[in-house]
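Visitor: quick one: sequence plus predicted model below, questions after.
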Amino acid sequence: MTTDGPERVPDVVGARVDPPGSVAEALAVQERLRPLVDLVGPGPAEPATVAGLDVAYAESGDRLAAAVTVLDARTLAVVDSAVSVGRPAFDYVPGLFAFRELPALLDALDRLTVRPEVLVCDGHGLAHPRRFGLACHLGVVTGLPAIGVGKTPLLGAWAPPADRRGAWTPLRDGDEVVGRVLRTRDGVKPVFVSVGHRVSLDNATARVLALTPRYRLPETTRTADRLCRDALAAAAPG
DNA sequence: GCGACAG
DNA sequence: ATCTTGTCGC
């Protein structure tokens, strides 16, 4: 316990996922886990910490770096972070995107020393064909409240929200409201917010706005993005 | 049948 | 996701 390497606190999250062996298997996993999504819990209205997760890929596509940054929810200062370098765990298939990044993201979460109160994911939650996007998957597997923030839609119909920051319109899949199209900056392309796990859509919206005092994307996503890009570059010398 | 399709 | 030049605007 006094050897090499940084301190590591086990079980901050403690979740593990085995990659599916086929598309059919992946679909079955989603079917099995979908009922476990908590759509009720409004989640923490004033969390002390918020985590951002993101992944960067090598151009060869055979290597990736997952990063998680934990921010003080009030000051938006980074208070903890972790990365995990590895390989994509699944081919990219729209609707099955989570299986690609989940193992690396969970590994990064396990390396944290602070247990975040909310996860802000780079991808959709309920705004998914089977209502089980990456944010739902991460939420269910970790048990943590989770929010999905996508840069582009995966599905749904919507009307453009007013140009001012804070304006939003419902994102609908048929008769269901699966998320919100939220303007985080005046006159800038909106983002797509959806519930992941244990958070209401209202709280998710408020949280995203609190994380975007200056840029279109949440500070959580921005800090995680920078971290995984740097880690990827540092991990693979020519 | 055709196009669209988180990252 | 990643590649990729210039360009408009603060």
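Guide: Sure, I can see it.
Visitor: get me the contact residues on chain A for DNA strand B.
Guide: Residues of chain A that fall close to DNA strand B, judged by CB under 7 Å from any atom of the strand: A:54-55, A:57, A:92, A:94-98, A:122-124, A:128, A:133-135, A:148, A:150-154. Yep, even glycine has a C-beta here, placed from its N, CA and C like the rest.
Visitor: looking at these, which are in helices?
Guide: Among the residues of chain A next to DNA strand B, the members found in helices (DSSP state H) are A:98, A:134-135.
Visitor: give me the residue from chain A nearest DNA strand C.
Guide: Residue nearest to DNA strand C within chain A: residue A:56 (3.7 Å; CB to the nearest atom of the strand).
Visitor: show me which residues of the longest helix seen in chain A are buried.
Guide: Looking across chain A with DSSP H, the single longest helix is helix A:219-235. Going by neighbour count (16 or more other CB atoms under 10 Å), the buried part of helix A:219-235 is A:219-225, A:227-229, A:231-232.
Visitor: make a markdown table from the residues you listed and add pLDDT and distance to residue A:68 to it.
Guide: Output for these, formatted as a markdown table (pLDDT from 0 to 100; distance: CB to CB, whole Å):
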| residue | pLDDT | distance to residue A:68 |
| --- | --- | --- |
| A:219 | 97 | 14 |
| A:220 | 98 | 9 |
| A:221 | 97 | 11 |
| A:222 | 97 | 13 |
| A:223 | 97 | 10 |
| A:224 | 98 | 6 |
| A:225 | 97 | 11 |
| A:227 | 97 | 8 |
| A:228 | 97 | 9 |
| A:229 | 96 | 14 |
| A:231 | 96 | 11 |
| A:232 | 94 | 15 |
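Visitor: does the residue of chain A closest to DNA strand C really touch residue A:234, like I thought?
Guide: No - judged on CB atoms under 8 Å, residue A:56 makes no contact with residue A:234 at a distance of 11.4 Å.
Visitor: the nearest residue to residue A:92 once chain neighbours are set aside: what secondary structure?
Guide: Distances taken as CB to CB, 6 or more residues apart in numbering put residue A:100 closest to residue A:92, at 5.8 Å, once the chain neighbours are dropped. Classification of residue A:100 using DSSP: H, G, I helix; E, B strand; the rest coil returns helix.
Visitor: how about the residues of chain A near DNA strand C?
Guide: With CB under 7 Å from any atom of the strand as the criterion, chain A meets DNA strand C at residues A:55-57, A:59, A:61, A:122, A:151, A:229.
Visitor: now stretch A:124-138: buried residues?
Guide: Burial within stretch A:124-138, assessed by neighbour count using 16+ other CB under 10 Å, is assigned to A:124-128, A:131-138.
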